[in-house]
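Enquirer: After the sequence you'll find the predicted model.
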Amino acid sequence: MWFSFGIISLVSFSIFFTYKKINASWKGESHKIKDTPYKFKMLRSKYRNTGVLIGIDANKRFDYIFKREGWVDRLCKSIGLIVEYQVGNKEFDDLVFIASDSTSLHDQMSKNDELISAVLNIFSAVNGYTFFVDQIRHNSGSLWVKLGSHSEFDQQDVKKLSLELVPLLRKLSGQIDLIPGKAKPLWKTPHLYKPAILLGISTALAINGYIQLQLLRFSDREFIVDGPLLTDHTIIVGVGVLLLLLAMTFILLGRSAKTHLVLFEVLLLGGIGSLMTVHAELRHINLEYDRSQPIAYEVSILEKKKVSTRRRTSYYLYTEDWTNDSIKRKIHVPYRTYSEASINDRLILCQKEGALGYRWLSEIVVFKDKNNTAFAMQPLCAFFKDTEELEVLKNLDEKSIQSLQLLYQKAEYQKRINKEN
């Protein structure tokens with residue numbers, strides 16, 4: 001069930017975030033300057049305003065970004081990772097990075113000096129304010145500027161700056177409208193959906209992996225005995241998934257002006273997300289498709305320990321190592337098992353082999369009666385299906401336990417006879 005849930009969630013998140021990358025529209029507070037409606041949205045961190053979006057309605061058939069060129073952009077161009085279109089205006093080419101593969105846009109910028117001036121005027125309009133222009137974005141019928149800030153600001157500062165920026169955005173929109181051509185279906189504009197698919201999958205891996213690991217963390221799921229082996233396989237498969245994403249990035253985008261922007265998100269979100277998602281899915285496969293019979297082990301409790309953080313408390317029992325790998329084993333257990341256990345009590349551990357070879361404990365039961373024959377309990381791990389049934393055995397006397405053991409052995413013998421016939 002959990003394996004299927006993980007796959008369905010990953011596919012659903014991928015579709016959702018791909019759509020969100022294609023359609024980057026946003027909602028803000030509506031205002032009007034003369035006859036031009038505009039909107040703005042404050043961007044906040046935990047403690048202060050960090051920036052603002054100011055936008056107007058614009059032509060729906062364009063998608064491009066004019067961003068402030070940084071050292072990373074220059075580095076990627078110098079090593080040949082990407083190719084950015086140059087308009088031939090030194091001031092513009094040094095300041096602005098054109099994150100678009102639209103040849104129509106490139107052609108128009110080469111022919112129209114007013115379009116270049118309109119962009120430069122927006123970047124310089126914030127001079128004298130605490131703001132700086134991070135990028136100009138045109139998407140989903142909106143044209144907006146994203147501003148960062150070096151210090152605190154309020155809505156009055158935004159409204160004052162909007163008096164200058166909104167007319168400039170309107171002028172830029174008018175120059176962009178001069179670009180010839182009609183709106184095309186999405187599938188005919190691959191430079192739009194290819195980056196969106198890669199970013200959507202990377203974001204989905206990160207969100208899905210985080211959710212699944214949190215579910216595992218807070219649910220006290222079955223203890224994996226071969227945790228280090230699971231970790232090793234997680235790294236191998238996770239790195240494989242990341243390499244596949246990177247290969248897809250270069251195949252689909254080549255040396256596009258957006259390649260490095262997509263590549264960094266794929267490395268960060270896709271890398272972390274691949275490891276988290278792969279870990280959760282390998283664990284689910286190992287448990288859900290395990291058809292092995294459990295083997296019971298009797299161990300003594302050597303030590304108890306709980307570890308508290310701000311969000312939760314984890315409970316551990318240290319026992320004799322039934323795998324003979326070390327002197328003692330650390331087992332993560334639910335609070336109920338931890339509270340019932342005392343040092344020198346005995347545990348009955350029902351261990352299964354795992355579909356992928358990661359041994360795990362399907363049941364952990366505490367026994368306090370030192371006169372009780374724990375050895376007689378071992379074959380019964382396969383007989384009882386859950387902890388509630390297994391707990392009944394705690395109060396049975398030795399004769400009753402031995403009788404149940406004989407019933408189990410008789411049932412196993414009958415199974416072998418049936419298979420032979």
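Expert: Arrived safely, thanks for sending. Residues are numbered from 1 along each chain as shown.
Enquirer: quick one, what contacts residue 143?
Expert: 55-58, 136-137, 169, 172-173, 176 (Cβ atoms under 8 Å, 6 or more residues apart in numbering). Placement of C-beta: from N, CA and C, glycine included.
Enquirer: helix or strand for it, which one?
Expert: strand 142-149 (DSSP states H and E).
Enquirer: same question, residue 206
Expert: helix 190-219.
Enquirer: Paired strands for the helix or strand that comes right after that helix, with orientation please.
Expert: Per DSSP H and E, the first helix or strand lying C-terminal to helix 190-219 is strand 223-224. The sheet places strand 223-224 alongside strand 360-367 (antiparallel), with pairing taken from DSSP bridges.
Enquirer: chain center to the strand it pairs with: distance?
Expert: 32 Å (Cα atoms, centre = their mean, to the nearest Å).
Enquirer: Quick one: residues contacting residue 304.
Expert: 315-318, 338, 341-343.
Enquirer: ok, back up a step: biggest separation within the contacts of residue 143, which pair?
Expert: Farthest-apart pair in the contacts of residue 143 is 57 and 136; separation 15.1 Å (Cβ to Cβ).
Enquirer: Between the two, which is the more surrounded one?
Expert: residue 136 (23 against 14; other Cβ atoms under 10 Å).
Enquirer: picking that back up, need the worst-confidence member of the contacts of residue 143.
Expert: Lowest pLDDT among the contacts of residue 143: residue 176, with 83.
Enquirer: The contacts of residue 304 in strands, which ones?
Expert: 315-318 (DSSP state E).
Enquirer: strand partners of the longest strand anywhere in the chain, parallel vs antiparallel please.
Expert: Secondary structure of the chain per DSSP E: the longest strand is strand 295-308. When pairing is defined by DSSP bridges, strand 295-308 lines up against strand 313-320 (antiparallel), strand 346-352 (antiparallel).
Enquirer: and it, which residues are buried?
Expert: Neighbour counts over strand 295-308 (16 or more other Cβ atoms under 10 Å) mark 295-299, 301, 304 as buried.
Enquirer: Find out how far that strand is from the centre of the chain, if you would.
Expert: On Cα atoms, centre = their mean, the centre of strand 295-308 falls 33 Å from that of its chain.
Enquirer: model confidence over that strand, on average?
Expert: On average, strand 295-308 scores 87.
Enquirer: from what I can see residue 305 touches residue 318, true?
Expert: Yes - with contact defined as Cβ atoms under 8 Å, residue 305 and residue 318 form a contacting pair (7.0 Å).
Enquirer: residues near residue 285, how many?
Expert: Neighbour tally, residue 285, other Cβ under 10 Å: 17.
Enquirer: That one is in what secondary structure piece?
Expert: Assigned by DSSP H and E, residue 285 falls in helix 271-288.
Enquirer: Return the helix or strand in this structure with minimum mean pLDDT.
Expert: helix 387-391 (a mean of 51; mean pLDDT, DSSP states H and E).
Enquirer: low-scoring pLDDT stretches of this protein, where are they?
Expert: Residue ranges of the chain with pLDDT under 70: 1-3, 5-6, 181-191, 218-221, 368-421.
Enquirer: Helices along that one, start to end?
Expert: 2-22, 71-78, 90-95, 103-111, 113-124, 155-176, 190-219, 227-253, 259-265, 271-288, 335-340, 387-391, 398-420 (DSSP state H).
Enquirer: Tell me what angle the fourth one forms with helix 113-124.
Expert: Between the axis of helix 103-111 and that of helix 113-124 there is an angle of 90 degrees, by axes from the mean of the first three to the mean of the last three Cα atoms, to 10 degrees.
Enquirer: Also the second one?
Expert: Between helix 71-78 and helix 113-124, the angle formed by their directions is 140 degrees, by the same axes, to 10 degrees.
Enquirer: Give me whichever of the helices of the chain is most buried.
Expert: Comparing the helices of the chain by mean neighbour count (mean count of other Cβ atoms under 10 Å), helix 271-288 comes out on top with a mean of 22.
Enquirer: Show me the domain layout of this structure.
Expert: 34-181, 187-288, 295-420 (automatic domain parsing).
Enquirer: Kindly present these as JSON lines, with separate columns for distance to residue 7.
Expert: As requested, these are exported to JSON lines (distance: least, Cβ to Cβ, whole Å):
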{"stretch": "domain 34-181", "distance to residue 7": "30"}
{"stretch": "domain 187-288", "distance to residue 7": "8"}
{"stretch": "domain 295-420", "distance to residue 7": "16"}
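Enquirer: To residue 22, which of the ones you listed lies closest?
Expert: Comparing the domains of the chain under Cβ to Cβ, the one sitting nearest is domain 187-288, at 4.5 Å.
Enquirer: circling back to that earlier point, make JSON lines from the helices of the chain and add distance to residue 65 to it.
Expert: Below are these laid out as JSON lines (distance: least, Cβ to Cβ, whole Å):
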{"stretch": "helix 2-22", "distance to residue 65": "12"}
{"stretch": "helix 71-78", "distance to residue 65": "12"}
{"stretch": "helix 90-95", "distance to residue 65": "14"}
{"stretch": "helix 103-111", "distance to residue 65": "11"}
{"stretch": "helix 113-124", "distance to residue 65": "11"}
{"stretch": "helix 155-176", "distance to residue 65": "13"}
{"stretch": "helix 190-219", "distance to residue 65": "11"}
{"stretch": "helix 227-253", "distance to residue 65": "15"}
{"stretch": "helix 259-265", "distance to residue 65": "8"}
{"stretch": "helix 271-288", "distance to residue 65": "24"}
{"stretch": "helix 335-340", "distance to residue 65": "51"}
{"stretch": "helix 387-391", "distance to residue 65": "56"}
{"stretch": "helix 398-420", "distance to residue 65": "67"}
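Enquirer: right, so of these, which gets closest to residue 131?
Expert: helix 155-176 (6.6 Å).
Enquirer: Let me know the angle separating that closest one from strand 142-149.
Expert: Using the same axes, to 10 degrees: helix 155-176 against strand 142-149 is 140 degrees.
Enquirer: same for helix 155-176, what does it pack against?
Expert: strand 29-33, strand 36-44, strand 49-57, helix 103-111, helix 113-124, strand 131-139, strand 142-149 (3 or more Cβ pairs under 8 Å, 6 or more residues apart in numbering; DSSP states H and E).
Enquirer: Distance from the chain centre to the last one, please.
Expert: Its chain's C-alpha centre lies 27 Å from the corresponding centre of strand 142-149 when counted by Cα atoms, centre = their mean.
Enquirer: could I get that strand in CSV with only the CA atoms?
Expert: Provided in CSV are the C-alpha atoms of strand 142-149 (Å, rounded to 0.1, in the frame of the first residue of the first chain):
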residue,chain,number,x,y,z
SER,A,142,1.2,39.0,-16.7
LEU,A,143,4.3,41.2,-16.9
TRP,A,144,6.0,41.8,-13.5
VAL,A,145,9.2,42.9,-11.9
LYS,A,146,10.6,41.1,-8.8
LEU,A,147,12.4,43.4,-6.4
GLY,A,148,14.7,42.5,-3.6
SER,A,149,15.6,44.8,-0.7
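Enquirer: All set, thanks.
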